Each structure stands twice: as C-alpha cells, then as structure tokens.
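Q: All I have is the shape, not the residue letters:
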C-alpha cells in the first residue's frame, strides 16, 4: 500500500538546486564554462521557475493552462519598465532587480486574478482555450503598447505612439520593437535565489491547508464542495500564485538581454513550458526542474549537428517521454522518491482486518 | 428503541427529541427536470439525535433528495429548514458549513491525499490561518495544524482507522474507504449526517460493525443521521423513523414495525397480490 509523504523529496529538491548552483559557480570561477553555457544560466533559472509555477496550476490544481507565457510577458515588460524607470533613483543593480521582480510578480498576479475571474468558473478544455486566448491577447497588447516616462510621469498609448514623452524622458516600451537598451542586471545568483523562493512558496503552500484544499479540488471537486471547501477561492489562490511566480521569471529573463519583444512570449513558449511540466511529472517539482534545465541546454548542446538539430531534439523528447512512463523506471523512481518509506504491503489479511 | 411521537405538523420524531427544535424540516420539497417531477411533496421532520432511514425501490428519488438537501440541485418547490434556518439560495459549500455533511453512493475520496489529509480538508472551513502564515510557517500555522492533526486522529479512532492515517486514500480497501468518507463528513462538525448506501458492498460482519459505528457516532457526537440503504436488516435495526419513497413521492412514514406491515410499501417492493 502506498503511503503518501513527500517531505524527504522536498529536501532532495533543495539539495539538487543548491548543489547545482555551487557546482556551476565553481566551474565558472575556474573558467571551465563555455560562453554559450554562461549565457544560458539565467534563462535556465527563468525556465525552471516557469516550469515549477506552471506545475502548481497543472499538477497540483489539475487545470490545463496554455497561456503561461502570457504571465511571463506581463512580468517581463512591466518589471523591465520599472527597472528602467528607476535607473537613476536606485543606482544599486541588485536592489533595482529585486524591486523589478517584485513589481513583475505583483503585475502578473493582478493579471492572473483578472483572467481568473471568468476562467476559474470553467473546467477542463474550456479553461485551456481561454488561457490560450489570454496568451495571444497579451502578445497583441504588448506589440501595440507605447509607454514613456518623463518628468511629468508615466504616459501610455495603444496602436501608435501618442505618448508625447518629453525629450528628457524615455519611451520605454516601443510597440512591436518592445523594450530596447535594457541594462543586463539579471545574474545567475539572482536566478538561483528566485528558484529557491519559488520552491519555498510552492512547497509550503502545498503543505498548508491551502495546498490540501487545492489538491482535494483536483481529486474530486464535488466532494471538496460537500465538505465546505471554497472552490473559487482556492482555485484562484493557486492560479494567482502561479501567475506571480511566472511574472518574476519573465522579468528575470528579460533583463538578461538588451532587448525584449512580445513575440518571444508566444504560444510556443507556453507549450515548451508545458512540455517541461509533463516530462518532469505532474505535481513533481524535482522533475520540472530537471526537465526545464535539460531541455533548455539540449538544443544548444545539439548545435554541432546543425540542420538535424531540431529533428533529433524531437526524437529525444519522444524517447524521454516513453522512458519516463515505463513501469520499471517509474517503480525505481518511486522507491527513490520515498526513500525507503514505501513498501508494497504483502500481507493482505492484515489489510482486510484493518 | 425510542418511541415515535407526533409533532404538530403530523410528522413523527423520537420521544426524547419531542421538545427540541428539529434539525431538519422539509416542507413540500420538490424538483422537476423539464417535465419530470423527480421528487414532489417531500415532507419530513428529523429530530436532533434521530437516526432515520430513507428507503424505496431503485429510481424512487432517494439520492435526488440528498442532492436537494445538499444543494447539488436547487429545489424548484418547497423549503428546507436546517436547525430552523431556511437554506434557500445557499450553495453546496454553504449548506455544509450550516451543518449538513454527506457521503456518496459512489465513493468520492481525495484519492491522492493521505487518509489524514482527507479528514483535514474537511476541517478547512474551521481553520483560519492565512495563505501567508502557511507559506512563512508562522506560529498560527503550527498551532492550527497541530490541533487539526489531533482532531483528525481522534475522529479516525472512532472508526479504528488511526493506524491508517498515512496511507494514500485511493489505496485503501473498499470498506475502509467507505468508513473514511464518513469520518471526513464528521470532520465538518455537522448537525445532520447524510449517508448514501453506507453498507453497499459490505459483507454481513462489516455491516454489523457499521451499524455499531453509526450508533456510536450518534451517541458520542449527538447528531442526527439520515441514511439511504437497501440492506433492510440494517435499516430495520438502527433506524427509529423510516420514510419510504416511490416515484418521487412519500408513500409511507413510521417506525420500522409500521413500515414492515404497510401494504403500500409491500406493493411498491413486491408488486400487487
């Protein structure tokens, strides 16, 4: 009989993240990381946070969201805009980055709340379709948004630049050209801290009464209501926390490059993150982290074989899916996961008696 | 066995409950699905510590009555008074918080959660620490979780299930799943417990144990129980009042002895002589 206990597994996940960070820092200090690899450290962190936050919606809450990149986009644009606007007021890059990440999380949380009001009354396929539409709407908005900041304050316009930003100010978001001239203030250490915060938030949320209620809703919404669980409240909570973490991941991602455009956060990105989650295992944060890291590095690692790269990537993806779902691999993984706590009970008599 | 005595509306409650406010009172309750009147003119009064049964042939509308009481369906006619309070406009969650807890004919557990967590989910409405207390593990988290853990074990021990607390609910044997559903319902502090075929699929010794447990629950927690059951041995043994439903209408009400000799009931079950 399976016992359910995941505490040792949480420890293992933290250990993996901290260990990987330490190992990469050592490699970096000794100059053994290639330039490509160094450039990928922050995006990997961002994708890991995206994957674990989507896993909260898909794995823990059990709702399919196809617009997670939309929240990433909200965070990327509004977080980066905040950082640029504060460039003179807050000279320390680390502090500016922290403020930008918090603002990004808050903005994405608001977006998550607003989209959650209609969406969480729907179920299954309907929710997937509405989140898909949400991702496209966000992309369309940022492709047509102009945002300028000058001495008189913030100016916003849609479709064309009518913000009349003064010459001493700066037009930050320039419609389809996105944001240019970003100071690259995202660092690997900041990404590592963001991953740790995400894990703490998600593990502790899942381990509290909110997490129990969220998983109860996933397992059986009718029974959950019948024992007095507030469906809308807890679905919203999971959805908004997931959106907030995606928003800060977006800001971290954007401030690793000098420009960011809305088309970067499209349907393909949402699907890519969903692939991380499905491959890593629904509800399995450890798996999401590994899948996000491996699948971000893989296309780069395959670069030497040029044209056949994406073909092989797809084949590897299929092989990994089949392997991960093989009963033998699953059994080994389960045993490893529960670190000896789980045994299959053989004495059925005792089971019947109990 | 308590004697049934009539109350002013013409219904009967056990004599010990006669001067107490009834836990449930349904007046002309009914629902139509399109042109089909699934339940109509359903009148019942249940005393605060009464064990009563709802029986009838398949398709008589028994589970529909439960779904009306718990607002899975909104009634199209009549009123439901729970502890004297009209439940009109309430949803399933609110009715539960007002005092009705139920089990399901087809077991509905939270299969991937542990036995203990299944019970704790049902305590959620009575827990108060915020999302932030949970995330930052503030003192209110530890305090309330400790209290919830103790209460969950106490409730599980009513059905001798405290040793199974860490087992995944979906992996429990059938009988234990049925018992867990009752424990989970009790964790919401109900004043009325609705049991939908609690003995379905149980062998005679499990059924006997279940009867003991239902009585024990009523005695220790001082709550009312309304149960749907096809096992006549169970119904006739533990129910003080029985209500027989056929084609959505009540055809008989009374003590087990009255029901067993009632010609309308015999006809509904066995057909005309």
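A: Sure thing, it's come through. Here the structure is a predicted model, which means the values were calculated and not measured.
Q: Tell me the secondary structure at residue B:134.
A: Secondary structure, DSSP: H, G, I helix; E, B strand; the rest coil: residue B:134 is helix.
Q: if I pick it, what's in contact with it?
A: Residue B:134 makes contact with A:204-205, A:207-211, B:141 under the criterion C-beta atoms under 8 Å, 6 or more residues apart in numbering or on different chains. (Glycine included, C-beta is placed from N, CA and C.)
Q: Repeat the analysis, applying 7 Å as the threshold.
A: For residue B:134, the contacting residues are A:204-205, A:208-210, B:141, by C-beta atoms under 7 Å, 6 or more residues apart in numbering or on different chains.
Q: Return the member of these nearest to residue B:234.
A: Within the contacts of residue B:134, the smallest distance to residue B:234 is 35.3 Å, found for residue A:209 (C-beta to C-beta).
Q: Compute the distance between residue A:12 and residue B:93, please.
A: The gap separating residue A:12 from residue B:93 is 37 Å, by C-beta to C-beta, to the nearest Å.
Q: if you count what's nearby, which of those two comes out ahead?
A: Using other C-beta atoms under 10 Å in any protein chain shown, the more surrounded residue of residue A:12 and residue B:93 is residue B:93, with 21 against 15.
Q: Of the contacts of residue B:134 - the most surrounded one?
A: Of all the contacts of residue B:134, residue A:209 has the most neighbours under the rule other C-beta under 10 Å, reaching 26 neighbours.
Q: Flag the shaky bits of the chain, pLDDT-wise.
A: Defaulting to chain A. Applying pLDDT under 70 to the predicted model, the residue ranges of chain A that meet it are A:1-8, A:124, A:163, A:165-167, A:306, A:333-354.
Q: oops, I was thinking of chain B
A: Looking along chain B with the criterion set at pLDDT under 70, you get B:1-12, B:273.
Q: Could you state which residue of the chain sits nearest its centroid?
A: No chain in the question, so chain A it is. Among the residues of chain A, residue A:50 comes closest to the average C-alpha position under C-alpha atoms, centre = their mean, at 1.1 Å.
Q: wrong chain, I was asking about chain B
A: Chain B, centroid-nearest residue using C-alpha atoms, centre = their mean: residue B:194 at 0.9 Å.
Q: Neighbours of residue 239, how many?
A: I went with chain A, as the question did not name one. Each residue near residue A:239 was counted by other C-beta under 10 Å, and the total is 26.
Q: Chain B, not that one
A: By the criterion of other C-beta under 10 Å, residue B:239 has 24 neighbours.
Q: Relative to chain B, which residue of chain A is the closest?
A: Of all residues in chain A, residue A:208 sits closest to chain B, with a separation of 2.8 Å (C-beta to the nearest C-beta).
Q: what about the residue nearest to residue A:316 when sequence neighbours are not counted, how many residues close to it?
A: Leaving out its chain neighbours, the residue that sits closest to residue A:316 by C-beta to C-beta, 6 or more residues apart in numbering or on different chains is residue A:298, at 6.7 Å. The burial count assigned to residue A:298 is 15, neighbours taken as other C-beta under 10 Å.
Q: in what helix or strand does residue A:298 lie?
A: Using DSSP states H and E, the secondary-structure element containing residue A:298 is helix A:285-301.
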